[in-house]
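In: Predicted model and sequence follow; I will ask about them next.
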Amino acid sequence: MTAARIGAGFMLIALGACAVDEPARSQWRVAVSTDAPVPLLADRLLVEVLDDKGSLACSACSRLFGVARETTWPVSFGVVPTGRERFVRARLYRGARIGANGLPEGAMLIDGLGALEAPHGVTDVALRLSMLCFGHAAEPTRPAACDPATGATTPPLTLKGDAPLEVGQAAIAVESECDGVPSGMACVKGGVFVLGDSRTVGSVAPTTPERLVRIDAFAMDKDEMTVREARSLLAKVGGDDRPGRRGENVCTFTTEPSDNDELPLNCVSHALAGALCNALGKRLPTEAEWEYAAGSRGEERETPWGDIGSACFDAVLARGRSPAEGGPNQTDSTSCRVVPGEPTRPFGPVRGGSAGDVTREGLRNLGGNLTEWVSGAPAPYDDACFGPAGALTNPECKARDEQRLVRGGHWALAPTFSATTFRGVQRRGLGDSFTGVRCVMPFGRK
């Protein structure tokens, strides 16, 4: 537990204490608790003591806490009355999502605003930061707050000695398990994460506004579908849609067994990709499922392997053929193919991908080798197709035209565009040498 003392003109921090070492005189002892998962959704807590106009009650009536460890909760502090105190506001947020003023941007926060009544001796009160209030900013000048029990907007409630919330115990945040996982797949446990990122560079479709999302457990193929696997399924799929039938370059598919059999399948349309998954009793992932898995279940890694700066060594990216070489698929994205002091890397998608491009669940090549078809439309995350404002559960924006989404980097793409939040767009009937197939199997839902 973290303890502090706030008074007119000063604030004294005493880390690791469970009470404030002060004489027994009238004061509020405020305990701030949360049921949010930390540090997944938040690692900073801003506490303010406000007057009846919603302004700071004193020059030192504000304090920022680092709260990334569960053991720091609840955060306790004392407030000595001076006659100006009316409210306590606590704001929980991620330090990675702050603006130039040092305060959180957007709605990725949990606010609590409670009213103070005159203390009688040392009066214990509780301010609870509930996940039901995620994204609802308190408005002390109105004043308006979020009721932690219901998530409804109300006038600030008078702070009482309520029982604290337990970190990570919000219903939306509790992990769910997979009920059996087929061979060749990995379990992606259900949980909560933030979909999108305003800092994503160069995304074709918007990656904003950021949304809080609950994903239920699902299994995902550890690897991209291979040529051999696809060939064995085509008779079952039927129809005349075949990989590479449009004459695309650098296609891996062969109608007969060949050295390409263990290469990842490419040059496949969105419809055929979905049909291949369906033939296995699976389906294409939604983009929310894909991003959740690629970011290691809410760790929100920049790439599946971590820092994008090590892309050339950790993923199959930027291995295109330069214009000087001639031939098809010429690209300027060759920086990872020829690296000083390193052997020249192969052109095109490779067998097995890269040992570094792997998530903690063992999902390989989500960041590179081939981009992957996902289901959904390239709409902003606040489009009505995603659902109402607030937290979302297993969201999918149904496609309404010819445009479909692809996720992940590929062998000819610059590392800059390999972020897990990057949204690529492609016509559904177009199969190219950059895009492949990975399937999922949800549990308890379609």
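Out: That came through fine.
In: where does the stretch 101-250 of the chain have low pLDDT?
Out: Counting by pLDDT under 70, the stretch 101-250 of the chain shows low-confidence ranges at 246-247.
In: where do the helices sit along it?
Out: For the stretch 101-250 of the chain, the helices defined by DSSP state H, counting those that start in this stretch occupy 227-237.
In: Which residue ranges make up the domains of this protein?
Out: The record assigns the chain these domain ranges, following automatic domain parsing: 2-158, 175-446.
In: Mind checking the ones you listed for the one nearest to Pro164?
Out: Set against Pro164 and scored by C-beta to C-beta, the domains of the chain come closest in domain 2-158, at 3.5 Å. Backbone N, C-alpha and C define where each C-beta goes, glycine included.
In: What's the local residue count around the closest residue to His120 other than its chain neighbours?
Out: Closest residue to His120 apart from its sequence neighbours, by C-beta to C-beta, 6 or more residues apart in numbering: Ser26 at 6.7 Å. Neighbour count for Ser26, taken as other C-beta atoms under 10 Å: 12.
In: cool, the one 5 residues further on as well?
Out: Taking other C-beta under 10 Å as the criterion, the count of residues near Ala31 is 22.
In: Is it in contact with Asp124, as I believe?
Out: Yes: using C-beta atoms under 8 Å, Ala31 makes contact with Asp124 at a distance of 7.0 Å.
In: Please name the bridge partners of the residue nearest in space to the middle of the chain.
Out: With the centre of the chain defined as its mean C-alpha position, the nearest residue by C-alpha atoms, centre = their mean is Val194, 3.7 Å away. For Val194, the beta-bridge partners are Leu212 (DSSP bridges).
In: what sits against it?
Out: Leu41, Met108, Glu210, Arg211, Leu212, Val213, Gly298, Glu300 (C-beta atoms under 8 Å, 6 or more residues apart in numbering).
In: so can I have a markdown table of the residues you listed showing distance to Met225 and neighbour count?
Out: Listed next are those as a markdown table, based on distance: C-beta to C-beta, whole Å; neighbours: other C-beta atoms under 10 Å:
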| residue | distance to Met225 | neighbour count |
| --- | --- | --- |
| Leu41 | 34 | 25 |
| Met108 | 35 | 20 |
| Glu210 | 31 | 21 |
| Arg211 | 29 | 22 |
| Leu212 | 31 | 19 |
| Val213 | 26 | 24 |
| Gly298 | 26 | 19 |
| Glu300 | 27 | 20 |
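In: would TSV of the residues you listed with distance to Phe87 be doable?
Out: TSV is the format used below for these (distance: C-beta to C-beta, whole Å):
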residue	distance to Phe87
Leu41	24
Met108	22
Glu210	27
Arg211	29
Leu212	25
Val213	31
Gly298	32
Glu300	32
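In: Nearest to Cys178, out of those: which one, please.
Out: Within these, distances to Cys178 taken as C-beta to C-beta reach their minimum at Gly298, with 16.1 Å.
In: Near the residue nearest to His270 when sequence neighbours are not counted, how many residues? Count them for me, please.
Out: Leaving aside its chain neighbours, His270 sits nearest to Arg428 (4.0 Å; criterion: C-beta to C-beta, 6+ apart). Using other C-beta under 10 Å, Arg428 has 17 other residues around it.
In: pretty sure Arg428 is in contact with Ala273, am I right?
Out: No: the criterion here is C-beta under 8 Å, and Arg428 misses it with Ala273 at 9.6 Å.
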